[in-house]
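>>> fold the following.
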Amino acid sequence: MKAIMKRNRYLAVLFAVVALGILSQPGCNPGEVDQGEALPRMVGLYSPYCAACMKMKPVVESLVSQCDYRGVRLEMVDVSSEGNERLLDHYRVQAVPTFLFLDEYGIEVARLVGSQTEQSLKQALSVLRGKECPGMSLVDEDGDVVIGG
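Numbering: from 1, shown residues only. Now for the predicted structure:
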């Protein structure tokens with residue numbers, strides 16, 4: 001009987017260690033997630049050593065000022081910084097800049113790779129957030145351009 005109790009205690013401790021290990025991984029810790037703000041995200045992966053990435057910087061800054069916290073979050077992550085290299089493997093990124101579009105649960109729903117126009121990023125953000133971004137141009141059924149709000 002003592003052996004069974006000892007084994008059950010061991011299993012309970014092992015389960016707690018495994019559960020804590022899983023919860024301490026990035027993105028899994030409930031303390032890291034703003035529970036009141038579960039928004040879809042555009043995550044831009046870049047490197048300061050990448051010419052195309054630096055060319056995209058003003059475009060992304062413009063998008064942040066227009067769209068951030070308006071139904072979507074925009075984040076830029078320097079993958080050359082210590083600790084961020086793991087994102088390259090995690091998301092199977094082969095080139096920067098890469099723009100990942102994640103739903104409110106953190107699941108990738110779209111990806112754009114390389115230099116992008118502000119319009120293409122706005123279009124992807126509009127789809128992600130479920131309504132158009134400010135200044136977004138939309139095309140109606142007849143192919144005519146309709147300027148959005």
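>>> my guess is residue 128 meets residue 63, correct?
No - between residue 128 and residue 63 there is no contact, the gap being 12.0 Å when judged by CB atoms under 8 Å. The way it works is simple: take the backbone N, C-alpha and C, and place the C-beta from them, glycine included.
>>> overlap of the contact sets of the two?
Contact criterion CB atoms under 8 Å, 6 or more residues apart in numbering; residues shared by residue 128 and residue 63: residue 42.
>>> sheet-wise, list the partners of the helix or strand harbouring residue 44 with their directions.
Element membership of residue 44 [criterion: DSSP states H and E] is strand 41-46. Here strand 41-46 is paired, per DSSP bridges, with strand 73-78 (parallel), strand 98-102 (antiparallel).
>>> what are the C-alpha coordinates of the longest one, in PDB please?
Below are the C-alpha coordinates for strand 73-78, written out as PDB (Å, rounded to 0.1, in the frame of the first residue of the first chain):
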ATOM      1  CA  ARG A  73      -1.900  44.000 -33.200                       C
ATOM      2  CA  LEU A  74       1.300  44.700 -35.200                       C
ATOM      3  CA  GLU A  75       4.700  43.500 -33.900                       C
ATOM      4  CA  MET A  76       8.100  43.600 -35.400                       C
ATOM      5  CA  VAL A  77      10.700  41.100 -34.100                       C
ATOM      6  CA  ASP A  78      14.400  41.300 -34.800                       C
END
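>>> what segments of this structure are helices?
2-23, 51-67, 86-90, 118-129 (DSSP state H).
>>> mean pLDDT lowest for which of those?
Per-stretch mean pLDDT for the helices of the chain is lowest at helix 2-23 (a mean of 39).
>>> which ones are touching the closest residue to residue 75 other than its chain neighbours?
In space, and not counting its chain neighbours, residue 75 is closest to residue 43: 5.0 Å by CB to CB, 6 or more residues apart in numbering. Shown in contact with residue 43 (CB under 8 Å, 6+ apart): 75-77, 99-100, 102.
>>> which of those are buried?
The neighbour-count test (16 or more other CB atoms under 10 Å) marks 76-77, 99-100, 102 as buried among the contacts of residue 43.
>>> now, among the residues you listed, which is nearest to residue 115?
Nearest to residue 115 out of the buried ones among the contacts of residue 43 is residue 99 (CB to CB; 10.4 Å).
>>> hmm, the closest one is touching residue 46, no?
No - at 9.3 Å, residue 99 and residue 46 do not qualify as touching, with contact defined as CB under 8 Å.
>>> please consider this matter closed, and thank you.
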